[in-house]
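Engineer: Let's see this in three dimensions:
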Amino acid sequence: MSDTLAQIVPQIRAFNRDFSQLMGLLDPHYMGSEMTVLEARVLYEIRENSPALARDIAAELNLDPGYLSRIVARLEKREWIQRGKGKDARQRPLALTKLGERKFRDLDEVTAAATARMIGRYGEDGARRIGALLSQAGELLFDKSPSDWSIRTFRPGDMGMITARQAILYREGWGWDYQLEALIGEITAKFLRDFKEVREQCWVAERDGRMLGVVFLIEDDEKTARLRLLHVEPEARGLGIGAALVHQCTLFAREAGYKRIALWTHAVLYSARRIYAAEGYEIISTHEHDDFGKMEKSEHWMLEL
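Structural biologist: The predicted structure follows:
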């Protein structure tokens with residue numbers, strides 16, 4: 001086990017213990033109901049997949065079929081579920097009765113209210129942060145790709161996040177040092193100090209409050225805009241976010257009356273270079289530097305509008 005895993009594994013196990021206690025998952029009367037948490041989950045699966053087969057529920061929840069059969073028998077004895085017709089018990093579809101539906105709704109309302117109270121004490125910003133972090137964890141742990149993303153303009157707090165994320169990503173991906181972080185910080189600070197609303201903008205792609213990508217368009221001179229600080233988070237790549245952000249710059253620049261857009265990038269940033277080329281940018285000059293702690297080939301690109 002690597003040093004990183006040796007540190008993270010105990011953290012995850014501790015979180016599981018704390019969360020189980022926080023949500024009462026070990027209580028035989030889940031949320032004060034007549035059900036254990038497993039019975040509640042089986043009831044949920046039957047409701048969501050009705051008519052549902054017991055074998056499918058067992059496979060979905062990774063339960064022993066015999067154990068699931070005993071849970072189903074208890075729910076049926078309470079008259080919360082009913083069986084349809086089938087060749088045998090495994091083939092008879094399950095569905096909630098009217099009483100079962102009422103029991104489910106009552107528990108669902110109690111659970112939702114308890115969860116709202118739990119996160120509500122952290123305020124709107126805290127609730128958004130919790131949601132974004134849980135969404136990110138779900139995407140990584142359960143292999144769920146980000147979808148339904150949207151693009152918005154910047155808001156308070158974005159510049160610090162942008163500076164931190166880009167410094168981390170460029171360090172991890174290309175070994176660039178603290179000098180790049182200083183440069184990004186200068187760019188974002190100047191953008192805020194000198195922001196010209198009709199001539200400049202920063203767009204953020206996000207999903208469930210999680211920043212997935214960013215781009216800036218700033219004024220170089222009366223006729224030239226400059227695209228800066230494009231990045232897309234690793235888990236969001238391949239969704240078209242980078243291309244959408246770059247095209248947003250093109251649309252804004254034309255509306256603002258610019259004649260061209262310039263940008264500075266590096267030869268090692270293959271994905272970004274493909275996006276620029278697809279948008280119509282062309283390389284106009286190159287040079288080498290070691291401003292970020294190692295020698296790199298930099299490129300200046302231009303898009304005539």
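
Engineer: Could you identify the helix or strand that succeeds the lowest-mean-pLDDT helix or strand in the chain?
Structural biologist: Ranked by mean pLDDT, DSSP states H and E, the weakest helix or strand in the chain is helix 123-141, scoring a mean of 79. Once helix 123-141 ends, the next helix or strand along the chain (criterion: DSSP states H and E) is strand 150-153.

Engineer: same for that following strand, what does it pack against?
Structural biologist: Judged by 3 or more Cβ pairs under 8 Å, 6 or more residues apart in numbering; DSSP states H and E, the packing partners of strand 150-153 are strand 201-207, helix 241-256. Placement of C-beta: from N, CA and C, glycine included.

Engineer: What residues of it count as buried?
Structural biologist: Neighbour-count burial for strand 150-153, counted by 16 or more other Cβ atoms under 10 Å, picks out residue 151.

Engineer: Distance from the helix or strand just after it to the middle of the chain?
Structural biologist: Heading C-terminal from strand 150-153, the first helix or strand you meet, by DSSP H and E, is helix 158-174. Counting by Cα atoms, centre = their mean, to the nearest Å, helix 158-174 is centred 17 Å from the centre of its parent chain.

Engineer: what do you get for stretch 248-267?
Structural biologist: The chain centroid and the centroid of stretch 248-267 are separated by 28 Å under Cα atoms, centre = their mean.

Engineer: coming back round to it: let's have the helices and strands packed on strand 150-153 in TSV, adding mean neighbour count and mean pLDDT.
Structural biologist: Formatted as TSV, these follow (neighbours: other Cβ atoms under 10 Å; pLDDT from 0 to 100):
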stretch	mean neighbour count	mean pLDDT
strand 201-207	21	95
helix 241-256	18	96
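
Engineer: what's the helix or strand hosting residue 183 in contact with?
Structural biologist: Secondary-structure assignment from DSSP H and E places residue 183 in helix 178-193. Applying Cβ atoms under 8 Å, 6 or more residues apart in numbering, the contact partners of helix 178-193 are 159-160, 162-163, 166-167, 170-171, 200, 202, 216, 218, 228-229, 291-293.

Engineer: show me where the stretch 1-150 of the chain has helices.
Structural biologist: Using DSSP state H, counting those that start in this stretch, the helices of the stretch 1-150 of the chain run over 3-22, 37-48, 54-61, 65-77, 98-120, 123-141.

Engineer: ranking those helices by mean pLDDT, which is last?
Structural biologist: If you rank these by mean pLDDT, helix 123-141 sits at the bottom with a mean of 79.

Engineer: follow-up on the earlier one: buried sites along the least confident helix or strand of the chain?
Structural biologist: Neighbour counts over helix 123-141 (16+ other Cβ under 10 Å) mark 127, 132, 135-136, 139 as buried.

Engineer: May I have that helix as CSV, with CA atoms only?
Structural biologist: The C-alpha coordinates for helix 123-141 follow below in CSV (Å, rounded to 0.1, in the frame of the first residue of the first chain):
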residue,chain,number,x,y,z
GLY,A,123,-25.9,28.1,5.6
GLU,A,124,-26.4,28.3,1.8
ASP,A,125,-22.7,28.4,1.0
GLY,A,126,-21.9,25.5,3.2
ALA,A,127,-24.8,23.5,1.8
ARG,A,128,-23.5,24.1,-1.8
ARG,A,129,-20.0,23.1,-0.7
ILE,A,130,-21.3,19.8,0.8
GLY,A,131,-23.3,19.1,-2.3
ALA,A,132,-20.4,19.8,-4.7
LEU,A,133,-18.0,17.6,-2.7
LEU,A,134,-20.4,14.7,-2.5
SER,A,135,-21.1,15.1,-6.2
GLN,A,136,-17.4,15.0,-7.0
ALA,A,137,-16.9,11.9,-4.7
GLY,A,138,-19.8,10.2,-6.4
GLU,A,139,-18.3,10.8,-9.8
LEU,A,140,-15.0,9.3,-8.8
LEU,A,141,-16.2,6.4,-6.7
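
Engineer: counting contacts, what elements does that helix pack onto?
Structural biologist: If contacts are counted by 3+ Cβ pairs under 8 Å, 6+ apart, helix 123-141 sits against helix 98-120, strand 210-219.

Engineer: on that earlier part again, format the helices and strands packed on strand 150-153 as TSV; extra columns: distance to residue 118.
Structural biologist: As requested, the helices and strands packed on strand 150-153 are exported to TSV (distance: least, Cβ to Cβ, whole Å):
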stretch	distance to residue 118
strand 201-207	23
helix 241-256	32
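
Engineer: out of these, nearest to residue 297?
Structural biologist: Among those, helix 241-256 comes nearest to residue 297, with 20.7 Å by Cβ to Cβ.

Engineer: Which one of the helices and strands packed on strand 150-153 lies nearest to residue 278?
Structural biologist: Judged by Cβ to Cβ, the one of those that comes nearest to residue 278 is helix 241-256, at 6.7 Å.
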